[in-house]
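Participant: compute the structure for the input listed below.
(one chain, ligands or ions: 1)
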Amino acid sequence: MSKLPAVEVSGLVKRYGPATAVDGLTLTAAAGEVTAILGPNGAGKTTTVEICEGYRAADAGTVRVLGLDPIQDAVKLKPRVGVMLQDGGIPPAVPAGEYLRTLSRFHVKPHDTAWLLDIVGLTSHTKTPYKRLSGGQQQRLSLAAAVLGRPELVFLDEPTAGMDPQARHATWDLVTALRADGVAVILTTHFMEEAERLADHVVIIDHGQTVADGTPAALTGSAGQLRFRAEPGLDTDSLLAALPTGSAAKESPAGHYLIEVPGGAVQPALLAAVTAWCADRAVLPSSLRIESRTLEDVFLELTGRDLRG
Ligand SMILES: Nc1ncnc2c1ncn2[C@@H]1O[C@H](COP(=O)(O)OP(=O)(O)OP(=O)(O)O)[C@@H](O)[C@H]1O
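Facilitator: Numbering: from 1, shown residues only. Predicted coordinates:
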């Protein structure tokens, strides 16, 4: 029997007054996988995640979390789902260790709190009140709290925002370990590298709708770009004319040339055409390389470059 999806959202709508924050969004997060939700500021990520967590009611659509309704079945879901909120929700005066120990009493089989403090690098801050922790340390305590009860599903809303590189890598290790234990992880992030490293499945949302969905490899496609450096101001129109139909060629910034094969892979014939074109002009290309588009390329293509209000 196949496992139920960890989360299934269909036709989700959420309005705040006249503004529609989530506009018919559909996504599925498989059990035991890491799903990354990406989207520009204001795209509706946190709203969607908070509805899945049972903190907000939807205006329309269906949401199933471990096969249950996040609001009506909140009591059943509580021990099975871990939540790391963007702003922690932790009492300011309570020391880190005490907070985890208190929380662990509500779980049937919690992790050892000393071990968990060590995993998130807060052992030396066991007695530090939450309000005296740095922003990144507060994030790490929230992360520890989210996984304390050995949940089947964890929601991490921008888990590494404000963390230094060491803490970020430790968090990535923890997410990888959760996944290895069969835990489903749903994370929102603005770090494309984080999504590329961790996620089995990426969902890109914009204006409250899913605009792309797939594995990082499927979204970025096969090696679809050829880059080289040469003297500035080469005639890219003439270069384009020498390339297979459907290619694109541009110089940006000056002296950096990019050739793209939309939806396809760079073939040997394309490489031969580029080097022949350069040879005809006595141009020696340097740093010539063939590469895949990055998730950031795909993200910007789909969501545009305009800043969001
Ligand atoms: N409580 C609220 N009241 C009114 N509007 C809200 C509220 N929460 C969110 N919004 C609006 O809903 C839209 C979606 O916000 P949301 O926080 O879900 O986006 P997000 O994708 O998580 O953004 P970010 O990347 O900036 O965290 C935004 O336009 C935001 O201003």
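
Participant: enumerate every residue touching Leu156.
Facilitator: Met84, Leu143, Ala146, Val175, Val185, Ile186, Leu187, Thr188 (C-beta atoms under 8 Å, 6 or more residues apart in numbering). Where C-beta positions appear, they are placed from N, C-alpha and C, glycine not excepted.

Participant: closest one of the residues you listed to Ala43?
Facilitator: For those, the closest approach to Ala43 (C-beta to C-beta) belongs to Thr188, at 9.4 Å.

Participant: is that closest one in contact with Thr47, as I believe?
Facilitator: No - at 10.6 Å, Thr188 and Thr47 do not qualify as touching, with contact defined as C-beta atoms under 8 Å.

Participant: between those two, which one's more packed in?
Facilitator: Per other C-beta atoms under 10 Å, whichever of Thr188 and Thr47 has more neighbours is Thr188, with 24 against 21.

Participant: quickly note the distance from that one to the ligand.
Facilitator: 6 Å (C-beta to the nearest ligand atom, to the nearest Å).

Participant: restricted to helices, list the contacts of Leu156.
Facilitator: Leu143, Ala146, Val175 (DSSP state H).

Participant: please spell out the ChimeraX selection for the buried subset of those residues.
Facilitator: Restricted to buried positions by 16 or more other C-beta atoms under 10 Å, the ChimeraX selection for the ones in helices among the contacts of Leu156 reads:
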select :143,146,175
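
Participant: would you mind putting the ones in helices among the contacts of Leu156 into a markdown table with distance to the ligand alongside?
Facilitator: As requested, those are exported to a markdown table (distance: C-beta to the nearest ligand atom, whole Å):
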| residue | distance to the ligand |
| --- | --- |
| Leu143 | 17 |
| Ala146 | 17 |
| Val175 | 19 |
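
Participant: and which of the ones in helices among the contacts of Leu156 is nearest Gln72?
Facilitator: Nearest member of the ones in helices among the contacts of Leu156 to Gln72, counting by C-beta to C-beta, is Ala146, at 22.5 Å.

Participant: hang on, that closest one packs against Val83?
Facilitator: Yes - Ala146 lies in contact with Val83 (C-beta under 8 Å); the separation is 5.7 Å.

Participant: what's the domain layout of this structure?
Facilitator: 7-219, 222-292 (automatic domain parsing).

Participant: burial measure for Val13, as a count.
Facilitator: Val13 has 16 neighbouring residues, counting by other C-beta under 10 Å.

Participant: doesn't Ala19 make contact with it?
Facilitator: No - using C-beta under 8 Å, Val13 is not in contact with Ala19; the gap is 11.8 Å.

Participant: how many residues are close by Ala272?
Facilitator: Using other C-beta under 10 Å, Ala272 has 10 neighbouring residues.

Participant: counting by contacts, list what the helix or strand containing it packs against.
Facilitator: When elements are defined using DSSP states H and E, Ala272 is found to belong to helix 268-280. When contacts are defined as 3 or more C-beta pairs under 8 Å, 6 or more residues apart in numbering; DSSP states H and E, helix 268-280 sits against strand 225-229, helix 236-241, strand 286-291.
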